[in-house]
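[1] Got a predicted model here, sequence first, then my questions.
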Amino acid sequence: MDYNEMPLGLGVALTSNRAAMDRFVDMTDGEKKEFIERSRSALSEKEIDKLVDSLAKEDEDPHLDLDKVKDLFDGPSIG
């Protein structure tokens with residue numbers, strides 16, 4: 001992967017978020033290219049930060065609250 005293709009704003013955002021940087025380093029070249037292309041559509045620094053933050057959150061273990069799953073099926077029935 002040629003890191004010269006990375007937008008400067010994305011590079012700065014990644015270096016300021018260690019968890020996101022670790023996740024980015026572990027990605028395949030294809031995943032990195034796709035992530036960089038998504039960052040090109042960001043119109044502001046805030047949007048780039050949100051994109052980088054979302055990358056960092058992928059490392060977190062999601063907490064599944066299975067007790068609330070049954071609530072999906074509450075409501076009026078069809079017949």
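    Now that the structure is in, tell me what you want to look at.
[2] What's the local residue count around Asn17?
    Other residues near Asn17 come to 17 when the count uses other C-beta atoms under 10 Å. To be clear about C-beta, it is placed using only N, CA and C from the backbone, and glycine gets the same treatment.
[3] hang on, isn't it packed against Ser54?
    No - with contact defined as C-beta atoms under 8 Å, Asn17 and Ser54 do not form a contacting pair (10.5 Å).
[4] what about Ile36, is that helix, strand or coil?
    helix (DSSP: H, G, I helix; E, B strand; the rest coil).
[5] who's in contact with it?
    Ile36 makes contact with Glu5, Met6, Pro7, Leu10 under the criterion C-beta atoms under 8 Å, 6 or more residues apart in numbering.
[6] okay, now the second one: neighbour count?
    Counted by other C-beta under 10 Å, the residues lying close to Met6 total 18.
[7] hang on, the earlier thing: mark which of the contacts of Ile36 are buried, thanks.
    The neighbour count (16 or more other C-beta atoms under 10 Å) marks Met6, Leu10 as buried among those.
[8] Sort out for me which of the contacts of Ile36 are in helices.
    When DSSP state H defines the helices, the subset of those inside them is Leu10.
[9] Switch the contacts of Ile36 over to JSON lines; also include pLDDT and distance to Lys46.
    Listed next are the contacts of Ile36 as JSON lines, based on pLDDT from 0 to 100; distance: C-beta to C-beta, whole Å:
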{"residue": "Glu5", "pLDDT": "79", "distance to Lys46": "23"}
{"residue": "Met6", "pLDDT": "87", "distance to Lys46": "19"}
{"residue": "Pro7", "pLDDT": "89", "distance to Lys46": "15"}
{"residue": "Leu10", "pLDDT": "92", "distance to Lys46": "13"}
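[10] Columns distance to Ile48 on top of the contacts of Ile36, output as a markdown table?
    Output for these, formatted as a markdown table (distance: C-beta to C-beta, whole Å):
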| residue | distance to Ile48 |
| --- | --- |
| Glu5 | 15 |
| Met6 | 11 |
| Pro7 | 8 |
| Leu10 | 6 |
